[in-house]
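S.K.: Provided below for reference: sequence and predicted model.
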Amino acid sequence: MKKLIQKLTDTYSPSGYEEAIRDVILAEIKELAEDIRVDALGNIIAKKGKHGKRVMVAAHMDEIGLIATHIDESGFVYFTSVGGSNPRYLPGGHVRFVNGVLGVIGSERISKANVVQPIDKLFVDVGATSAAECPVQVGDMAAFVHPNVQMGGRLVAKSLDDRIGVAVAIETMRRLKSGPNEVFFVFSVQEELGTRGAIVSAYGIDPEIGIGLDVSHTGDTPNSIRRELALGAGPAIMVKDSRMLYDPKVVAWMEGTAKKAKIPVQREVLVGGSTDARAIQVTRLGVPTGGLAIPCRYIHSPSEMIDYEDVENAVKLLTALLSAPIEL
Amino acid sequence: MPDIFPFLKSLVSVSGLSGYETPVTELIEARWRPLVDEISLSRLGSVHGIKKGAGAKKRPSILLAAHMDAIGMMVTQIDDGFLRITSIGGLDARVLPSQPVLVHATGSGGPQDLPAVILLPPAKLLPSGEADGIVAISDLLVDVGLLPSKVASLVRIGDLISFGTEAVEISGESLIGHSLDNRASVAAVTLCLQELSSRTHSWDIWAVATVREEIDMSGAGTSTFQLLPDLTIAIDVTFGKGPGANDWRTFALGKGITLGFGPNNHPFLHNRFKEIAEELEIPYATEIMPTSSGTDGMIMQTTAEGVPNIVLGIPLRYMHSPVEMVMLNDIQRVGRLLAEFVIGLDIDFMNTITWDE
């Protein structure tokens, strides 16, 4: 799975420009599902199984990024954020535009040392010497550049939010025998712009049960915000986030399955953030929906960190959940 | 009108927080079952009761929505025997310190309710500056009065916490308690159903107790999508007049109900309700809702192809606190007005709705 994760995090696909990652995923899953299609917004919908409950499993394939807003006369590219790029993490970073151009992020003179430089005082330097020579146009999008670095049992890379969820879904498709449920694996677009891909794919699929796969913030770093979630203690079963309450019946089903299969899990109450799961839950007549999250440090920075054990346990749990008939 | 207070008191004596409405769902189902033709739950848990009309098949239908969920708290962390919390819905942090609460524990001891109290940590433990102002919910603690090891085994992350204040009835006229937002409206819909049991009406009437209004109104949205009514009415509480709350957004308790006016309310429905209220001599005030009504009506109006909607309000003091207050006569007025409105709906009412007023 490490190779797969590397392939996924080495691909640049900010929200709305998911073509590159879509091609990588389609190549990976072409033998793993009975029916694969791409919908009007670009979501991949891969179906496995013909009978039983209609289950939608969603992992978003887009990543946060930047978009060029204007090029100054010296060829510096000013930008704004696409999704939740945080100005604190930006200066000094490397980016890659969708057209392949590389750049580094610089900052205008800082007037107050203790204030984070706002995003409109930052720019990308692509090595151009004039506007005419600049290989970037207004509207071009970029994503972070960061090597995929292994540190013992842990991995640091950009876009682990949510390529790690994508990896869990693909690996589960590999291990899951065509079973007693009709499972729709969705690799969704534009999650970072308001779960826009999940909204339409859930409407199209009309599932009976939903599962969102994403990352969640840990509280295991020095003087961090107060939270229980820790790397390496198991994937998180979502109970609440800032926009939704996960369905108690689905939470109980996930916990019961984990207990039976002796898979370590953590319960998660996320304050600040939400995921594709919320879009699935409110679709049509309503869909009982749960969430499985990989604990992750430094979310929305270029250096997101996860633990491989959590990933492996998430695949085991998801496979166990989907392998048996579901009665909530 | 029959006395609705005992039922309403039972509704505000259980938890039923958003997403976890089952305790209150069971009470509502039991009370509504004899009053409707069929009753069922939506996929998200809203109660759907239908009272079928006397008109020919393919009758139009109206959806009366009162949300049954309540605001509350959830455990985010267990810190040396004390619980850290976050809010479910919009809690007023100013009123939380010293409140009695119930922790609905689901740990090793199995499901059980632990009485507890919200405590205000000493100033030196609070972030700088906060000790002088309102303390954020994330900095408050809950004390269940047990040894840390016992707390750690009994309580889990994600366990619910609801207000532990008991409902108080005053002279048979007023009620004080938590969750009167919006169980007072559930009581009003119940009165409407009781009235309908001895009257005929052409339309199908869906009485719906919705889930999750305090989070995202997803109960009302999904029920409207499922039942596809021709009209919707959101019944909810509105801001009561009181000390320091006297402007145009507030309404006196016991002096009448409110009829919503503004983009979330169809003007034709507003006028129809006004006519009926005047005919029956039910006192009312027009509640101006310039943008959002902040009720289930917001989402019902824009579901599927769109539905004409109106919001009816019951004045309530101290909203989103554990001591919300309503008056019985306002609840009765809403129940009666709802009943007379739906009874008066002709089979071709939809053809008479116009925008030109």
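M.R.: Yep, it's here.
S.K.: which of the helices or strands spans A:Ile306?
M.R.: Element membership for A:Ile306, per DSSP states H and E: strand A:304-307.
S.K.: what does that strand contact?
M.R.: Here strand A:304-307 makes contact (Cβ atoms under 8 Å, 6 or more residues apart in numbering or on different chains) with A:151, A:153-161, A:164, A:215, A:231-232, A:294-298. For glycine as for every other residue, the C-beta is placed from the backbone atoms N, C-alpha and C.
S.K.: same thing but 10 Å
M.R.: Contact partners of strand A:304-307, identified using Cβ atoms under 10 Å, 6 or more residues apart in numbering or on different chains, comprise A:5, A:9, A:144, A:146, A:149, A:151-164, A:167, A:215, A:218, A:221, A:230-235, A:294-299, A:313-314.
S.K.: tell me where chain B has helices.
M.R.: For chain B, the helices defined by DSSP state H occupy B:5-11, B:22-32, B:148-154, B:180-196, B:218-227, B:267-280, B:296-301, B:328-343, B:349-352.
S.K.: wait, I meant the stretch 51-200 of chain A
M.R.: With DSSP state H, counting those that start in this stretch as the criterion, the stretch 51-200 of chain A has helices at A:160-175, A:196-205.
S.K.: residues of the stretch 151-300 of chain B that sit close to chain A?
M.R.: Proximity of the stretch 151-300 of chain B to chain A, by Cβ under 10 Å from any Cβ of the partner chain, involves residues B:156-160, B:211-212, B:214-219, B:221-223, B:225-227, B:299.
S.K.: which non-adjacent residue is nearest the closest residue to chain A within the stretch 1-150 of chain B?
M.R.: Per Cβ to the nearest Cβ, B:Gly19 is where the stretch 1-150 of chain B lies closest to chain A, at 3.1 Å. The spatially closest residue to B:Gly19, leaving aside those adjacent along the chain, is A:Leu245, at 3.1 Å (Cβ to Cβ, 6 or more residues apart in numbering or on different chains).
S.K.: and what of B:Asp230?
M.R.: B:Pro60 is the one closest to B:Asp230 (Cβ to Cβ, 6+ apart), at 4.3 Å.
S.K.: also A:Leu321?
M.R.: Take A:Leu321 and drop its neighbours on the chain: the residue closest to it by Cβ to Cβ, 6+ apart is A:Thr257, 5.3 Å away.
S.K.: what does A:Val239 give?
M.R.: The nearest residue in space to A:Val239 (Cβ to Cβ, 6+ apart) is B:Gly158, at 3.4 Å.
S.K.: and that neighbour, how close does it get to A:Lys50?
M.R.: From B:Gly158 across to A:Lys50, the span is 35 Å (Cβ to Cβ, to the nearest Å).
S.K.: same deal with A:Tyr298?
M.R.: Taking Cβ to Cβ, one finds A:Tyr298 at 42 Å from A:Lys50.
S.K.: A:Asp220 too?
M.R.: 43 Å.
S.K.: now swap in B:Leu337 and tell me
M.R.: 52 Å.
S.K.: tell me which of the two has more neighbours.
M.R.: B:Leu337 (21 against 11; other Cβ atoms under 10 Å in any protein chain shown).
S.K.: burial count for the closest residue to that one other than its chain neighbours?
M.R.: Leaving aside its chain neighbours, B:Leu337 sits nearest to B:Ile282 (5.6 Å; criterion: Cβ to Cβ, 6+ apart). B:Ile282: 18 surrounding residues under other Cβ under 10 Å.
S.K.: need the residues of the stretch 101-250 of chain A near chain B, please.
M.R.: Residues of the stretch 101-250 of chain A lying close to chain B by Cβ under 10 Å from any Cβ are A:208-209, A:219, A:225-229, A:236-240, A:242-249.
S.K.: in strands, which of the residues you listed appear?
M.R.: The members of these that map onto strands under DSSP state E are A:Ile209, A:Ala236, A:Ile237, A:Met238, A:Val239, A:Lys240.
S.K.: just put those residues in CSV and tack on distance to A:Thr129 and pLDDT.
M.R.: What follows is those, written out as CSV (distance: Cβ to Cβ, whole Å; pLDDT from 0 to 100):
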residue, distance to A:Thr129, pLDDT
A:Ile209, 57, 98
A:Ala236, 49, 98
A:Ile237, 54, 98
A:Met238, 50, 97
A:Val239, 54, 97
A:Lys240, 52, 97
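S.K.: isn't the residue of the stretch 1-150 of chain B closest to chain A right up against A:Lys240?
M.R.: Yes - between B:Gly19 and A:Lys240 there is a contact under Cβ atoms under 10 Å: 7.9 Å.
S.K.: what do those two both touch?
M.R.: Taking Cβ under 10 Å, 6+ apart as the contact rule, B:Gly19 and A:Lys240 both touch A:Tyr246, A:Val251, B:Met74, B:Ile88, B:Leu160, B:Ile215.
S.K.: residues contacting the first one?
M.R.: Translated: A:Tyr246. By Cβ under 10 Å, 6+ apart, A:Tyr246 lies in contact with A:210-212, A:237-240, A:254, A:268-269, A:275, A:277-278, A:281, A:288-291, B:19, B:158.
S.K.: circling back: same question for the strand holding A:Ile306, mean pLDDT?
M.R.: Model confidence over strand A:304-307 averages 98 on the pLDDT scale.
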